[in-house]
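**Student:** return a 3D structure for these sequence lines:
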Amino acid sequence: MIDNRFAPYGAFTIRAALGIMFIAHAYLKIAVFTVPGFAGFLGQMGYPTFLAWPIILAELFGGLAILTGFYARIVSVALLPVLLGAALIHAPNGWVFNAPNGGWEYPAFLAAAAIAHILIGDGALAMKPVTLSSSPATTLRTRAG
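**Tutor:** Sure, this is the predicted structure:
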């Protein structure tokens with residue numbers, strides 16, 4: 001049973017936590033790992049190093065959009081490949097994220113949180129909420145207002 005009085009605030013909590021996580025990870029890549037360091041890591045893992053900036057910017061601006069609820073469900077869909085890519089990169093390190101070089105449980109959990117956000121909706125305090133449409137022509141649409 002869903003408690004309709006508090007469900008919008010639960011959805012907001014998931015959305016806010018997901019947005020803050022993306023912002024924090026973008027900051028981590030800039031301030032701690034550095035962009036060249038992150039690019040080197042990507043290269044070491046067999047990925048193109050030029051993906052460093054697009055990933056960082058996607059996390060930063062995507063995180064801001066999710067946090068503020070600005071087309072947030074669409075942004076969560078768009079960022080799923082980043083989360084699934086992170087899970088794949090960390091998969092050889094094992095399950096637990098505190099393993100050397102991090103395991104895959106944290107990015108997998110965040111992917112699940114993004115999917116929950118997509119399915120549940122933006123919740124309370126969203127700037128430009130998006131709703132699922134029953135029309136096959138338009139799966140996602142913004143609420144008028």
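**Student:** neighbours of residue 112, how many?
**Tutor:** Residues within reach of residue 112, counting by other CB atoms under 10 Å, total 11. Glycine gets a C-beta too; all of them are placed from N, C-alpha and C.
**Student:** so how far is residue 48 from it?
**Tutor:** 27 Å (CB to CB, to the nearest Å).
**Student:** same question for residue 16.
**Tutor:** Taken as CB to CB, the span from residue 16 to residue 48 is 32 Å.
**Student:** mind checking which of those two has more residues around it?
**Tutor:** Each of residue 16 and residue 48 has its neighbours counted (other CB under 10 Å); residue 16 has more, 18 against 10.
**Student:** contacting residues for that one?
**Tutor:** Shown in contact with residue 16 (CB atoms under 8 Å, 6 or more residues apart in numbering): residue 67.
**Student:** distance-wise, check it relative to residue 39.
**Tutor:** According to CB to CB, residue 16 and residue 39 sit 30 Å apart.
**Student:** try residue 27
**Tutor:** 16 Å.
**Student:** which residues of the chain score low on pLDDT?
**Tutor:** 134-145 (pLDDT under 70).
**Student:** that one: strands as residue ranges?
**Tutor:** 130-132, 140-142 (DSSP state E).
**Student:** what pairs with the first one, parallel or antiparallel?
**Tutor:** This means strand 130-132. Sheet pairing for strand 130-132, assigned by DSSP bridges, gives strand 140-142 (antiparallel).
**Student:** the residue nearest to residue 69 when sequence neighbours are not counted: neighbour count?
**Tutor:** Leaving aside its sequence neighbours, residue 69 sits nearest to residue 126 (CB to CB, 6 or more residues apart in numbering; 2.7 Å). Residue 126: 21 surrounding residues under other CB under 10 Å.
**Student:** what does residue 126 show for phi and psi?
**Tutor:** phi -90, psi 130 (degrees, to the nearest 10).
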